[in-house]
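**Q** sequence and predicted structure below; questions after.
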Amino acid sequence: MVIQDISRGAGKYAIVYTDPPWEQAKGGKKAVRPNSSGKPLDYHTMPLADIEEFHERFLQEHTEEKHNVFMWCIDKYLPAAEAFMARLGYKLHARIIWDKLNGPAPAFTVRFQTEYLLWFYKPGKIVMPRKERRGKYSTIIREGSTIHSKKPRAAYEMLEDMFPDASKIELFARNTRDGWDGFGDELEVSNGTNTR
Ligand SMILES: C[S@@+](CC[C@H](N)C(=O)[O-])C[C@H]1O[C@@H](n2cnc3c(N)ncnc32)[C@H](O)[C@@H]1O
């Protein structure tokens, strides 16, 4: 189901999968490459404080008692994301690393080839993977990146495989997916062209 109005349409979820629109420039880090154009992204972004406030409100109102939060994060925001989730009462269970197999070298130094899927839970309220899948997946996902910001198919498949019966929502989604509720301001645009 596509959620149009997050304050009214959403239910309660055991799996919250979120890909926040962190503020960043497309094509690299201007601070380390001052002459670069640092083009803005093709979609709306949110200041860090708004991302925190959004999640605080959503997680208070729209989670089942036991729930997991899987949050995508780029290097730049790792400390901030972990700090604000700690303020909201969450513990970090794992940093699942996505190896994109390639990536830009913004300062002509190393390639930024990884992103992080952070698994958070509240003490005593973690949702465990089904028995047959415990230990099947590791903290590394290896899958080539496709279009800018699109996350790997393997992440959805892993969550569906580990938590087949759990209620799931994707926040800041761009495509709908069977079995998931979705929210995002680009979701309708891409509706019907689900390629993942
Ligand atoms: C990082 S992208 C999501 C990419 C997506 N997970 C994928 O794999 O294709 C963040 C998305 O959040 C959307 N967004 C930004 N601000 C928003 C807001 N206030 N409400 C809803 N969606 C927003 C952006 O337009 C963008 O589609």
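**A** That came in fine, so what should we check first? Bear in mind that the values here come from a model prediction, so they are computed numbers and not experimental data. Residues are numbered from 1 along each chain as shown.
**Q** give the closest residue to residue 14 in space, chain neighbours not counted.
**A** residue 166 (3.9 Å; C-beta to C-beta, 6 or more residues apart in numbering). Heads up, the C-betas are built off the backbone N, CA and C, glycines and all.
**Q** surely that neighbour is in contact with residue 128?
**A** No - here residue 166 does not reach residue 128: they are 10.3 Å apart, not a contact under C-beta atoms under 8 Å.
**Q** which of the two has more residues huddled nearby?
**A** With neighbours defined as other C-beta atoms under 10 Å, residue 166 and residue 128 compare such that residue 166 has more, 19 against 12.
**Q** and the lengthiest helix in the chain, what does it pack against?
**A** Using DSSP state H to define each element, the chain has its longest helix at helix 48-61. Applying 3 or more C-beta pairs under 8 Å, 6 or more residues apart in numbering; DSSP states H and E, one finds that helix 48-61 contacts strand 13-18, strand 63-73, helix 78-87.
**Q** just send these back as CSV, with mean pLDDT, distance to the ligand and mean neighbour count too.
**A** Listed next are the helices and strands packed on helix 48-61 as CSV, based on pLDDT from 0 to 100; distance: least, C-beta to the nearest ligand atom, whole Å; neighbours: other C-beta atoms under 10 Å:
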stretch, mean pLDDT, distance to the ligand, mean neighbour count
strand 13-18, 98, 9, 22
strand 63-73, 98, 7, 20
helix 78-87, 98, 13, 16
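**Q** could these go into JSON lines alongside distance to residue 109?
**A** Below are those laid out as JSON lines (distance: least, C-beta to C-beta, whole Å):
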{"stretch": "strand 13-18", "distance to residue 109": "30"}
{"stretch": "strand 63-73", "distance to residue 109": "21"}
{"stretch": "helix 78-87", "distance to residue 109": "18"}
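**Q** how about the residues of this protein near the ligand?
**A** Contact residues (C-beta under 6 Å from any ligand atom) of the chain with the ligand: 19, 21, 43-44, 46, 149-151, 172-174, 184-186.
**Q** widest-spaced pair of the residues you listed?
**A** Farthest pair in those (C-beta to C-beta) is 46 and 150. Separation: 18.5 Å.
**Q** quick revisit: next, the angle from the longest helix of the chain to strand 13-18.
**A** 170 degrees (axes from the mean of the first three to the mean of the last three C-alpha atoms, to 10 degrees).
**Q** distance between helix 48-61 and the chain's centre?
**A** Between the mean C-alpha location of helix 48-61 and the chain-wide mean there is a distance of 14 Å, by C-alpha atoms, centre = their mean, to the nearest Å.
**Q** need the mean per-residue confidence for it.
**A** In this model, helix 48-61 has an average pLDDT of 98.
**Q** got it, and stretch 162-181?
**A** 97.
**Q** who's in contact with it?
**A** Applying C-beta atoms under 8 Å, 6 or more residues apart in numbering, the contact partners of stretch 162-181 are 1-3, 10-21, 58, 62, 64, 68, 127, 129-130, 133, 136-137, 150, 156, 159-160, 182-184, 186-187, 190-191, 193-196.
**Q** tell me the pLDDT of residue 32.
**A** 42.
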